[in-house]
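Trainee: need the 3D shape of this:
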Amino acid sequence: MNVPDRIKKLTETFDYNLEMYKKGSYNETQVRREFIDPFFEELGWDITNKQGHAEAYKEVIHEDGIKVGGVTKAPDYCFRIGGVRKFFLEAKKPAVNIKEDIQPAYQLRRTNALRPGKP
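Mentor: Next comes the predicted model:
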C-alpha cells in the first residue's frame with residue numbers, strides 16, 4: 001500500500017520543524033489542528049462531522065466525557081463506528097517526551113481500560 005501524498009507531506013513538515021515544535025510554545029491544540037486532524041481525515045474519519053450526523057452517531061467525539069474510577073476523564077479523541085467506541089487518542093504537544101514521561105502513557109492506558117467497543 002502506498003502512503004497518501006497528504007500523509008507524506010504532514011510527516012515531512014512535522015519532521016522538518018520538530019526541533020522548533022519541541023521548544024514548548026507549540027501547543028497541543030496546534031498539533032491537533034495542523035497534524036492529527038488532517039492525518040485522520042486522510043484515513044477517512046469524519047473529524048469535523050461534515051456528514052452532519054446526530055451526536056449519537058458522530059464518528060469522532062472530541063473530549064468525550066467518560067467515567068474512570070468515579071472521575072470524569074475526557075480523552076482528546078474518541079473514534080466510533082455506528083455510535084460504538086472503538087479507540088481513544090490522547091494528543092500531547094511535541095515538548096512532552098512520551099518515551100520517558102510515564103504520565104501520558106498512564107493517562108491513555110487508564111482511559112482505554114474502559115474497553116472501547118462498549119457504549
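
Trainee: what's near enough to touch the residue nearest the centre of the chain?
Mentor: For the chain, the residue nearest the mean C-alpha position is residue 89 (3.8 Å; Cα atoms, centre = their mean). By Cβ atoms under 8 Å, 6 or more residues apart in numbering, the contact list for residue 89 reads 36, 75, 76, 77, 79. For the C-beta atoms, the positions are set from N, CA and C on the backbone; glycine is no exception.

Trainee: what about stretch 49-69, how long is it end to end?
Mentor: End-to-end distance of stretch 49-69 (Cα to Cα, to the nearest Å): 30 Å.

Trainee: so for it, mean pLDDT?
Mentor: Averaging pLDDT along stretch 49-69 gives 90.

Trainee: what sits up against it?
Mentor: So stretch 49-69 is contacted by 40, 45-47, 72-83, 85, 88, 110-111, 113-114 (Cβ under 8 Å, 6+ apart).

Trainee: ranges for the strands of the protein?
Mentor: 60-62, 66-68, 71-73, 77-81, 84-89 (DSSP state E).

Trainee: related to what we said a few turns ago, how near is the residue nearest to the centre of the chain to residue 6?
Mentor: 18 Å (Cβ to Cβ, to the nearest Å).

Trainee: again, but for residue 54
Mentor: Taken as Cβ to Cβ, the span from residue 54 to residue 6 is 29 Å.

Trainee: got it, and residue 47?
Mentor: On the measure of Cβ to Cβ, residue 47 and residue 6 end up 13 Å apart.
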